[in-house]
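Chemist: Fold the following.
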Amino acid sequence: MNQLLVEPHELQDGRIDLDGPRAEHLLRVLRVEVGARVRAGVVDGGTGLAEVVAVEGARLTLSLETGPTPPRPRVDLILALPRPKVLGRLYAMLAQLGVDRVLLTHAAKVERFYFDAHQLAPEWRRVHLLEGLAQAKDTRLPRVTEHRSLTRLLTRELDPLVDRQAGPRLLAHPGGLRSVHAAASGQRPDARVLLAIGPEGGWTDDEHALFVTHGFEEVSLGARTLRTDTATIGLLCLVHDALGPALP
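Modeler: Below you'll find the predicted structure:
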């Protein structure tokens, strides 16, 4: 745990009363004592240093003064819903790498029953997203929505969520001729990238055409066929590298 994350309601008058796994980690792994300071942040809020002011058995009290809230990541993701176990592994990685919106969508090669998996339960998802944020020392929780129709997502729901003028829209597709860096670099400092990653079997021709109609440009990771989690991590790293450092 590189950063202690607390929910807004847990911070009362600058103090946090902590027990459970987070307190256990601080006491047994970091071996904190009264006066020790640890990195801390409030979910979707500021970050700072929390000072341990009391230790009572397995319970801690810390004081925390936070600074500015970090900016939201400049990358949004459309992800064809992967197999539930893969999705479960991806949550923490998405939070670590920095994604603002995650739009989980159906596609022709996505099984409908995936939408019934427990990995889509908001409470389950939140635990794993917070784990990734703590690792990355960030506080901005990715905003995850589910979309059971790709056509409806692209034609009705997408533009209100992600401004079409905000920056490039990239469609990951095997055989694409343009690199991610060529498509995403050279943007204005406040530009955003919307990245669409399909199922392991790829987007169908009709889906591909629909994306192009809605302003998406095809990019590729090369000739190799990759698993969803491998492709997602690789593409997000390349997009962030192309965009450059976040604005202060």
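Chemist: Now do the helix or strand bottoming out on mean pLDDT in the chain: distance to the chain's middle.
Modeler: Among the helices and strands of the chain, helix 180-184 carries the lowest confidence by mean pLDDT, DSSP states H and E, at a mean of 89. Chain-centre distance of helix 180-184: 20 Å, with C-alpha atoms, centre = their mean, to the nearest Å.
Chemist: before we move on, what about stretch 116-126?
Modeler: 15 Å.
Chemist: what comes up buried for that stretch?
Modeler: By neighbour count on 16 or more other C-beta atoms under 10 Å, the buried set for stretch 116-126 is 117, 119-120, 125-126. For the C-beta atoms, the positions are set from N, CA and C on the backbone; glycine is no exception.
Chemist: before we move on, what about stretch 206-219?
Modeler: In stretch 206-219, counting by 16+ other C-beta under 10 Å, buried: 207-208, 210-211, 216-219.
Chemist: among those, which two are most distant?
Modeler: Put simply, by C-beta to C-beta the two of those set farthest apart are 210 and 219, 16.8 Å from each other.
Chemist: Just the element for residue 78, please.
Modeler: With elements taken from DSSP states H and E, the one containing residue 78 is strand 75-80.
Chemist: er, residue 125 actually
Modeler: Per DSSP H and E: residue 125 is located in helix 122-136.
Chemist: continuing past that helix, what's the next helix or strand?
Modeler: Tracing the chain C-terminally past helix 122-136 and defining elements by DSSP H and E, one meets strand 143-147 next.
Chemist: got a list of contacts for that next one?
Modeler: Here strand 143-147 makes contact (C-beta atoms under 8 Å, 6 or more residues apart in numbering) with 81, 100-106, 115, 120, 125, 129, 153, 157, 161.
Chemist: which parts of the helix or strand just after it are buried?
Modeler: Counting by DSSP H and E, the next helix or strand C-terminal to strand 143-147 is helix 150-152. Along helix 150-152, the positions that meet the burial threshold by neighbour count (16+ other C-beta under 10 Å) are residue 150.
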